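*Asks:* my questions concern the predicted model and sequence given below.
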Amino acid sequence: MGMVKVAETAVQMTELVLPQHTNQLGNLLGGQLMHWIDICAALAGYKLNGLPCVTASVDRIDFHYPIKLGEVVTLHASVNRVFNTSMEIGVKVFKDAYQERIRLHSNSAYLTFVCVDREGKPVIAKPVLPESEDEIRRYDKALQRRNQRLQNRN
């Protein structure tokens with residue numbers, strides 16, 4: 001099983017915030033954003049393995065800026081590290097206000113996914129190869145976050 005470059009797992013999604021995505025203040029619902037984050041991350045895992053990947057856990061998600069009706073949400077996901085059947089996938093979220101020509105990094109999320117076969121049984125995921133400085137940093141930090149998750153579980 002050969003290694004796959006982290007860059008080859010990258011997925012970008014763009015969504016327009018419509019009225020059905022907002023609360024009564026005209027802000028994007030947190031649950032809607034979490035839904036998009038989950039889909040984007042799942043696609044990165046799928047891209048790596050060619051098999052469905054299911055959500056095992058989601059780390060804390062912080063909302064730095066409200067995202068408003070009519071703004072555009074761009075999500076970037078890639079696999080940070082593979083452990084065996086599980087993998088950490090990072091998602092960076094940007095809000096774009098096209099009229100004002102503003103782009104803000106509004107959220108980051110780390111999710112753990114498990115690669116599964118057609119029967120839903122966990123399978124060994126392909127390993128990733130980080131190349132850039134940023135990918136190597138995320139690769140190293142993923143192990144620290146995993147150890148913290150396992151510690152918190154016990």
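*Replies:* Nice, thanks for sending it over. Residues are numbered from 1 along each chain as shown.

*Asks:* and the nearest residue to residue 142 once chain neighbours are set aside, what helix or strand is that in?
*Replies:* In this structure, residue 142 finds its nearest non-sequential neighbour in residue 81, 3.7 Å apart by CB to CB, 6 or more residues apart in numbering. Any C-beta I mention is one placed from the backbone N, CA and C, and that applies to glycine too. Taking DSSP states H and E as the criterion, residue 81 maps to strand 72-82.

*Asks:* so the residue nearest to residue 142 sits against residue 89, correct?
*Replies:* No: Residue 81 sits out of contact with residue 89 when judged by CB atoms under 8 Å, with a separation of 9.2 Å.

*Asks:* neighbour count winner among the two?
*Replies:* For residue 81 and residue 89, the more surrounded residue by other CB atoms under 10 Å is residue 89, and the numbers stand at 29 against 22.

*Asks:* separation between the more buried one and residue 15?
*Replies:* When CB to CB, to the nearest Å is the yardstick, residue 89 and residue 15 sit 18 Å from each other.

*Asks:* now do residue 93
*Replies:* For residue 93, the distance to residue 15 equals 10 Å [CB to CB].

*Asks:* just the residues contacting the host helix or strand of residue 33, thanks.
*Replies:* Using DSSP H and E, the element containing residue 33 is helix 30-49. Surrounding helix 30-49, the residues in contact under the criterion CB atoms under 8 Å, 6 or more residues apart in numbering are 4, 8-11, 13, 15, 21, 52-55, 58, 61, 63, 67, 73, 75-79, 82, 87, 89, 91, 93, 107, 109, 111, 113, 115, 123, 125-126, 128.

*Asks:* would you put the C-alpha positions of that helix in PDB?
*Replies:* As requested, the backbone C-alpha atoms of helix 30-49 are provided in PDB (Å, rounded to 0.1, in the frame of the first residue of the first chain):
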ATOM      1  CA  GLY A  30     -23.800  26.500  13.500                       C
ATOM      2  CA  GLY A  31     -25.400  23.100  12.700                       C
ATOM      3  CA  GLN A  32     -25.500  23.900   9.000                       C
ATOM      4  CA  LEU A  33     -21.800  24.800   9.000                       C
ATOM      5  CA  MET A  34     -21.000  21.600  11.000                       C
ATOM      6  CA  HIS A  35     -22.900  19.700   8.300                       C
ATOM      7  CA  TRP A  36     -20.800  21.200   5.500                       C
ATOM      8  CA  ILE A  37     -17.600  20.600   7.500                       C
ATOM      9  CA  ASP A  38     -18.500  16.900   8.000                       C
ATOM     10  CA  ILE A  39     -19.200  16.500   4.200                       C
ATOM     11  CA  CYS A  40     -16.000  18.200   3.200                       C
ATOM     12  CA  ALA A  41     -13.900  16.100   5.600                       C
ATOM     13  CA  ALA A  42     -15.700  12.900   4.500                       C
ATOM     14  CA  LEU A  43     -14.800  13.700   0.900                       C
ATOM     15  CA  ALA A  44     -11.100  14.100   1.800                       C
ATOM     16  CA  GLY A  45     -11.100  10.700   3.400                       C
ATOM     17  CA  TYR A  46     -12.900   9.100   0.500                       C
ATOM     18  CA  LYS A  47     -10.400  10.700  -1.900                       C
ATOM     19  CA  LEU A  48      -7.500   9.100   0.000                       C
ATOM     20  CA  ASN A  49      -9.000   5.600   0.300                       C
END
